[in-house]
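J.: sequence and predicted structure, then a few things I'm wondering about:
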Amino acid sequence: MITCLSTQPTDSTRYPLTARWHAASHARISPTQQSWLTRAGALTDGLRELGELQLRVLRQTMLGPSPDERLAMNLNAGSCVHAREVCMSIDGTICVVARSVLTPRGVSGAWRTVRRLGKRPLADLLYNDRRVWRSHFEAVRLNRFHPLGAIAHRLVATDPQAPPTQWARRSVFWRDGQALLVAECFLPAFWIILQRANVARVTNG
């Protein structure tokens, strides 16, 4: 078993609270939110329909998984994972943050190309390979006690009207028996951009 050898706290110790994920189809949310939390296909394709998409890699490193990630991937305590965290902007406004997690075996085997993605989205690897299949979606309102929620919290901290929790979804991709856990968190700016786009479509007929 590979352990994380680091003087920095792992995500398991920094974020001790487990997010209570549940089936996204059962979330008590608006129809619009439901459609995006359960939207099939690449999220980046949907974002591109709203404007010019930019992706920035925030961090890509080996660390300890958060408790909910460890449970979702059936990992032992003390396990280490490869995490890739990105933020996505529409027309210069950051609206989605995402975190992908895979095991050392996965990153050196079935998912080894993840390390070479750079600014390209994960969708470039996931939707053109027949060996890849996806689990159902789960959803939760993330707070700052989750690694992905912490990123969202930092990005909206200057907005006094931003809610303390943000809707996120996750699913697991499988390739050659190796899991890739992908979680995506929608910031308040996303729903504003989406609303404006919907109004513009109605106005323009």
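T.: Thanks, I have the structure now. Numbers count the residues shown, from 1 in each chain.

J.: pull the residues that contact the lengthiest helix in the chain.
T.: Identified as the longest helix of the chain according to DSSP state H is helix 188-203. With contact meaning C-beta atoms under 8 Å, 6 or more residues apart in numbering, helix 188-203 is reached by 32-33, 36, 49-51, 90-91, 93-96, 156, 159, 161-163, 166. Every C-beta, even on glycine, is put in place using the N, C-alpha and C of the backbone.

J.: select only the buried ones of these in PyMOL?
T.: Under the burial definition 16 or more other C-beta atoms under 10 Å, those of the contacts of helix 188-203 that qualify are selected in PyMOL by:
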select buried, resi 33+36+50+51+90+94+95+96+156+162+166
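
J.: from the contacts of helix 188-203, which land in helices?
T.: Going by DSSP H, the helices hold Thr32, Gln33, Trp36, Val156 from these.

J.: which of these sits closest to Leu102?
T.: Each of these was scored against Leu102 by C-beta to C-beta, and Trp36 proved nearest at 24.2 Å.

J.: compute the number of surrounding residues for Leu194.
T.: The number of residues packed near Leu194 is 21, by other C-beta atoms under 10 Å.

J.: quick one: it from Pro67, how far?
T.: Applying C-beta to C-beta, to the nearest Å, the value for Leu194 to Pro67 is 31 Å.

J.: that older thread, now, among the ones in helices among the contacts of helix 188-203, which is nearest to Val57?
T.: Among the ones in helices among the contacts of helix 188-203, and counting by C-beta to C-beta, the member closest to Val57 is Val156, at 19.8 Å.

J.: not counting its neighbours along the chain, what's nearest that closest one?
T.: Ala162 (3.9 Å; C-beta to C-beta, 6 or more residues apart in numbering).

J.: can you check Trp167 too?
T.: Closest to Trp167 by C-beta to C-beta, 6+ apart is Phe186, at 5.3 Å.

J.: specify the beta-bridge partners of the one you found.
T.: Here Phe186 shows beta-bridge partners Val96, assigned using DSSP bridges.

J.: mind listing what's buried in stretch 100-117?
T.: Neighbour counts over stretch 100-117 (16+ other C-beta under 10 Å) mark Ser100, Val101, Leu102, Thr103, Gly106, Val107, Ala110, Trp111, Val114, Leu117 as buried.
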